[in-house]
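# Structure for the following, please:
(2 chains)
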Amino acid sequence: MIRIAAAGDLHVGADSEGTLRPALVEIAEDVDAFLLAGDLTKAGLEEEAEVLADEVKGIAVPVVAVLGNHDLHSDQADLVRARLEDVGVIVLEGETHVLHLPGASLGVAGLRGFGGGFAGASATEFGEPEMKRFVRVTIDAASALRACLDRLATDVRVALLHYAPVRDTLHGEPPEIYPFLGSYLLAEAVDTAGCDLVLHGHAHRGTEWGITPGGVPVRNVAQPVIRRAFAVYALDPQTSIDRAASRT
Amino acid sequence: MTDAPGPYREESLRQALATDPRVMEQELDVSIAGGRVVISGTVPTEDRRAAVTEVARERFPDLQIDNRTIVPTLPASGGEERVT
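So this is what the prediction gives:
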């Protein structure tokens, strides 16, 4: 069994020192990896990333992260990424990372994603240049997600996002803001490439549990949603191997 | 102090709470009625909870600020879910 701890929307600021580390002390006893689903910092400042780096430094399991919209706010994403990488955090943006765990391999396809909305009520690449650029960002993100998942030849594959791929995990949010919270294109990429679990954050008033139209479990791990420092998901590699075989 | 006219005052504060560097929380709810500003939602730290009041008071110095935001206690994981 592969056990993954996951959390998003930590919004770490200068005032967050010591808020996460107590919960992480024993994490290695229970899980194989810790995945962070974006909005790691409050304003995307280098000094905020340094606070988070101190919180996760030295924990005994691999930490894999994507950035969120908060982490891009101050145009210091490269510095945020660098400070986290200084302490061994693997930060993904349209990239993959493979963890060779005892008995199975775990592949993580990570990117932030973007908005645009969901089938029947989504933005289209039409009209003003600004609107076309907005939608193009999501189209490109979905393409990158599919390519990442296609590249992963691991026993278990997890998509790590910030934005939501389905409506399910947004229930509780005002429907008017769904287009700013995610896009169906991300789910389409997941269902086309195949995947065992999608993790995302961003929607603080949403719901933890969802599923793509193709049957892939989706979990919103924003801390205000899961109401704990992290959630833990256990995946049976044999189930994933059997599922992948049935797709071919 | 805000100069937003009446119907726009709630949203002007919501926008301020989302963008002011002291708070930067996108999902706080704001309502204004009867001389009282009520703000609710979750914030990660007590400092940011105090900043919510500061920002609201700066924009509406003549109104009562009722800061109902909460700082949730986040226990370590409570068990695991087997995902199939």
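# Next up, the contacts around residue 41.
Just going to use chain A. A:10, A:11, A:12, A:13, A:48, A:49, A:52, A:70, A:71, A:80 (Cβ atoms under 8 Å, 6 or more residues apart in numbering or on different chains). All C-beta spots, glycine's among them, are computed from the backbone N, C-alpha and C.
# Sorry, I should have been clearer: chain B.
A:204, B:25, B:27, B:28, B:29, B:69, B:70.
# For the fifth one, give its distance to residue A:220.
The span separating residue B:29 from residue A:220 equals 19 Å under the rule Cβ to Cβ, to the nearest Å.
# thinking again about what came up before, give me the buried subset of the contacts of residue B:41.
Neighbour counting with 16 or more other Cβ atoms under 10 Å in any protein chain shown marks A:204, B:25, B:27, B:28, B:69 as buried within the contacts of residue B:41.
# Is the third one in contact with residue A:201, as I believe?
No - shown here, residue B:27 and residue A:201 do not form a contact pair, counting by Cβ atoms under 8 Å, at 11.8 Å.
# if we can go back for a sec, what is the nearest of the contacts of residue A:41 to residue A:175?
Lowest distance from residue A:175 to these (Cβ to Cβ) belongs to residue A:70, with 22.7 Å.
# The closest one: how many residues sit nearby?
Residues near residue A:70, counting by other Cβ atoms under 10 Å in any protein chain shown, number 26.
# now residue A:243
17.
# Distance from the chain centre to the host helix or strand of it, please.
Residue A:243 belongs to helix A:237-247 when assigned by DSSP states H and E. Here helix A:237-247 is found 22 Å from its chain centre; the criterion is Cα atoms, centre = their mean, to the nearest Å.
# swap in stretch A:139-151?
14 Å.
# before we move on, the earlier item: for my notes, please list the buried ones among the contacts of residue B:41 in a markdown table and give secondary structure for each entry.
Listed next are these as a markdown table, based on DSSP: H, G, I helix; E, B strand; the rest coil:
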| residue | secondary structure |
| --- | --- |
| A:204 | coil |
| B:25 | coil |
| B:27 | coil |
| B:28 | coil |
| B:69 | coil |
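# Looking at pLDDT only, which of those scores worst?
For the buried ones among the contacts of residue B:41, the minimum pLDDT belongs to residue B:27; the value there is 89.
# and it, backbone torsions?
phi -120, psi 50 (degrees, to the nearest 10).
# List the contacts of residue B:39.
Contacts of residue B:39 (Cβ under 8 Å, 6+ apart): B:13, B:17, B:28, B:29, B:30, B:52, B:56, B:65, B:66, B:67, B:68, B:69.
# What subset of those residues is buried?
The neighbour count (16+ other Cβ under 10 Å) marks B:13, B:17, B:28, B:30, B:52, B:56, B:65, B:67, B:69 as buried among the contacts of residue B:39.
# where does the fifth one land in three-state SS?
Going back to what we said before, that points to residue B:52. Per three-state DSSP, residue B:52 ends up helix.
# returning to that earlier point: just the contacts of residue B:39 now: which is nearest residue A:167?
Using Cβ to Cβ, the contacts of residue B:39 come closest to residue A:167 at residue B:29, 20.9 Å.
# Verify the stated contact: that closest one with residue B:37.
No - taking Cβ under 8 Å as the definition, residue B:29 is not a contact partner of residue B:37, at 11.3 Å.
# nearest to chain A, of the buried ones among the contacts of residue B:39?
The nearest member of the buried ones among the contacts of residue B:39 to chain A, counting by Cβ to the nearest Cβ, is residue B:28 at 9.5 Å.
# who in chain A is up against chain B?
Counting by Cβ under 8 Å from any Cβ of the partner chain, the residues of chain A lying close to chain B are A:1, A:3, A:5, A:10-13, A:15-16, A:19, A:22-23, A:26-27, A:30, A:42-43, A:70, A:73, A:173, A:196-197, A:204-205, A:217, A:219, A:223-224, A:227-236, A:239.
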